[in-house]
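Engineer: take this sequence and fold it.
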Amino acid sequence: MALIQKDFPVFDCDAHVTESPDIWNYLSVQEREAVKPWFWPDEDFIAVNGKRALPATWGKTRTSFAANYQGPERRVPNRAEVGGPGVTKRLLRKLSTMQLTEEQLNYVEHRGARDPKARIGDLNQQGIDQVVVIPLMMFGAYLFIENPQAAALVARAYNDWASDWCSEDRRRLFPAAVIPLQDPKLAAEELRRVAAKGFKVAMIRPVDVNGGYPNHSGMEPLWQAFADTQVLVAMHSLPRATIPTLNPTGRQNGAGDLLWKVGNPKQLREPTEPQGFVFEAMVWTINMLMSGFFERHPDVSRMAIMESNASWLPMLLEQCDRAFPMYRNQRPAKLSQTPSEVFLDRIFISFEGDESTVYRQHKFFENIGIWASDAYHHDGSDAWSAMREMQSCKVPQATIKKFMGENARRMYRIPPQTFTSLEPEAYPRPDWYPKEAEIEREYAHLANRA
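Structural biologist: Next comes the predicted model:
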């Protein structure tokens, strides 16, 4: 297999950073005491509103997530840190089904998820020149904080920590901000603060939490702040919105939660994994395009849909355009553009490297598609494999350049920098590490069974 050589800068629009307990050092002693009842690490877990909610991303809690596993607890890699240089999705599947020692687990979990110096080395191997790093826990348990002032303090601490983390190389590492949606005024204040610090993007989860959905009328102060600062709005979805211990009544739901309501745990342990995050993004996209959001906020000039794949978009826009004239008289909002015109004019959408359906529709996505590694998650990949897949789908070189960086830099308004050019020949691995031939045989066996 020929190595890939590139002569253009690659921008990774969505990769992750493992938050550190050092975040709490960005709060004073008095502020930490004020936050502790509402959001705090309890050993390897996060406690929210005084309840143990979920494992902390920085913890070392590892258990089997195989639905049919019947033996004693099996240690598996941290799925937030296992993807990385030279790690394909097939290899990730193999690693996640192996019985690994503590030493082997430490090997497969990449230091670049936590250490900015190691991240720079990984970027060089992955063919990535610049990247926006995005948090993990701040899309889940954080959203359920019931005290707005505590939420604002946590957001401020995270954002300052993330900014310092990226100071390792500000030419290549760019932080994404989180904002306290629990109070739109406090959210607007934090957005203006991080904009003054140079943040290019702020993240929002498109779900109903604490009785608020992102385009609810009470959110107007926040959207005005986005318009004033011109910080990019990034809507980042996840498979499931709610956390059972924090939502005992079941009144708060995301689109992915519907799969849990109809799923049978004896048949499928994680019913939201295949499509929950897609449904969440689709609901937001329809809501935004058909409600007149951009008519009300014409100065919110750019938005991105993240972590939702992209192949569903053409069909969704076609359906919205069909409803646009059909239900015009029944719609309170008066829209001056079709939904597809609005999307193609103002909105970008991320995709991952193996989305061949996007590449086969490259003319549609040419100016709005932005590649994301999703590193270091268990489905993450590098730039080389993405470009190889694009080439196999006959994507023109000019479009590959747009997908792999030009569109993202235009979206983030970040000038280009190039640091990598040639795919590494090989990654040295220990003897126990799965061999490519072994993985191919296993996949051939699974294919025959299917």
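Engineer: please identify the buried residues of stretch 423-441?
Structural biologist: Using 16 or more other C-beta atoms under 10 Å as the test for burial, stretch 423-441 gives 423, 433-434, 439. Every residue, glycine included, has its C-beta placed from N, CA and C.
Engineer: just the CA atoms of it, as CSV, please.
Structural biologist: Extracted in CSV, the C-alpha atoms of stretch 423-441 (Å, rounded to 0.1, in the frame of the first residue of the first chain):
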residue,chain,number,x,y,z
GLU,A,423,2.5,9.3,6.1
PRO,A,424,4.7,7.2,8.5
GLU,A,425,5.9,3.9,7.0
ALA,A,426,5.1,1.9,10.1
TYR,A,427,4.4,2.1,13.8
PRO,A,428,6.6,0.0,16.0
ARG,A,429,4.5,-2.3,18.2
PRO,A,430,5.2,-4.8,21.0
ASP,A,431,5.0,-8.6,20.2
TRP,A,432,1.6,-9.0,21.9
TYR,A,433,-0.1,-6.3,19.8
PRO,A,434,-2.6,-7.6,17.2
LYS,A,435,-1.2,-8.2,13.8
GLU,A,436,-2.9,-7.0,10.6
ALA,A,437,-3.2,-10.5,9.2
GLU,A,438,-4.9,-11.7,12.4
ILE,A,439,-7.4,-8.9,12.2
GLU,A,440,-8.1,-9.5,8.6
ARG,A,441,-8.8,-13.2,9.3
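Engineer: ranges for the strands of this structure?
Structural biologist: Secondary structure of the chain (DSSP state E): strands at 11-16, 39-42, 45-48, 51-55, 130-134, 173-175, 177-178, 201-204, 232-236, 303-306, 347-351, 369-371.
Engineer: weakest of those strands in terms of mean pLDDT?
Structural biologist: The stretch with the lowest mean pLDDT among the strands of the chain is strand 51-55, at a mean of 76.
Engineer: quick one: distance of that one to the chain centre.
Structural biologist: Its chain's C-alpha centre and that of strand 51-55 lie 21 Å apart, by C-alpha atoms, centre = their mean, to the nearest Å.
Engineer: so which elements touch it?
Structural biologist: Counting contacts by 3 or more C-beta pairs under 8 Å, 6 or more residues apart in numbering; DSSP states H and E, strand 51-55 packs against strand 45-48.
Engineer: strand partners (parallel or antiparallel) of the strand it packs on?
Structural biologist: Here strand 45-48 is paired, per DSSP bridges, with strand 39-42 (antiparallel), strand 51-55 (antiparallel).
Engineer: just to revisit the earlier point, show me which pair in the buried residues of stretch 423-441 is furthest apart.
Structural biologist: 423 and 434 (20.4 Å; C-beta to C-beta).
Engineer: min pLDDT across the buried residues of stretch 423-441, which one?
Structural biologist: Out of these, that is residue 439, at 83.
Engineer: how about the contacts made by residue 423?
Structural biologist: Taking C-beta atoms under 8 Å, 6 or more residues apart in numbering, we find residue 423 in contact with 3-5, 127, 384.
Engineer: which of these has the most neighbours?
Structural biologist: residue 127 (26 neighbours; other C-beta atoms under 10 Å).
Engineer: quick check, pLDDT for that residue.
Structural biologist: pLDDT, residue 127: 96.
Engineer: ok, for it, nearest residue in space, not its chain neighbours?
Structural biologist: residue 383 (3.6 Å; C-beta to C-beta, 6 or more residues apart in numbering).
Engineer: need the contact list for that neighbour.
Structural biologist: Taking C-beta under 8 Å, 6+ apart, we find residue 383 in contact with 6, 10, 12, 126-128, 353, 371, 373, 404.
Engineer: of all these, which comes closest to residue 340?
Structural biologist: Distances from residue 340 to the contacts of residue 383, taken by C-beta to C-beta, are shortest for residue 371, at 22.0 Å.
Engineer: partners of the closest one in the sheet?
Structural biologist: Those that pair with residue 371 in a beta bridge, by DSSP bridges, are residue 351.
Engineer: count the residues that sit near it.
Structural biologist: Residue 371 has 29 neighbours, counted by other C-beta under 10 Å.
Engineer: okay but it is in contact with residue 353, surely?
Structural biologist: Yes. The criterion here is C-beta atoms under 8 Å, and residue 371 meets it with residue 353 at 6.8 Å.
Engineer: need the residues touching each of those two.
Structural biologist: Joint contacts of residue 371 and residue 353 (C-beta under 8 Å, 6+ apart) are 383, 386.
Engineer: rewinding a little: which one of the contacts of residue 383 is nearest to residue 153?
Structural biologist: Nearest to residue 153 out of these is residue 12 (C-beta to C-beta; 29.8 Å).
Engineer: please report how far the residue most central in space within the chain lies from residue 11.
Structural biologist: For the chain, the residue nearest the mean C-alpha position is residue 307 (4.5 Å; C-alpha atoms, centre = their mean). As for residue 307, its distance to residue 11 is 16 Å (criterion: C-beta to C-beta, to the nearest Å).
Engineer: cool, residue 295 as well?
Structural biologist: Residue 295 is 31 Å from residue 11, by C-beta to C-beta.
Engineer: now tabulate the contacts of residue 423 in a markdown table and tack on distance to residue 238.
Structural biologist: A markdown table is the format used below for these (distance: C-beta to C-beta, whole Å):
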| residue | distance to residue 238 |
| --- | --- |
| 3 | 35 |
| 4 | 31 |
| 5 | 36 |
| 127 | 27 |
| 384 | 27 |
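Engineer: redo the contacts of residue 383 as JSON lines? Include distance to residue 318.
Structural biologist: Shown next, in JSON lines, are the contacts of residue 383 (distance: C-beta to C-beta, whole Å):
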{"residue": "6", "distance to residue 318": "34"}
{"residue": "10", "distance to residue 318": "31"}
{"residue": "12", "distance to residue 318": "30"}
{"residue": "126", "distance to residue 318": "35"}
{"residue": "127", "distance to residue 318": "34"}
{"residue": "128", "distance to residue 318": "33"}
{"residue": "353", "distance to residue 318": "26"}
{"residue": "371", "distance to residue 318": "24"}
{"residue": "373", "distance to residue 318": "29"}
{"residue": "404", "distance to residue 318": "27"}
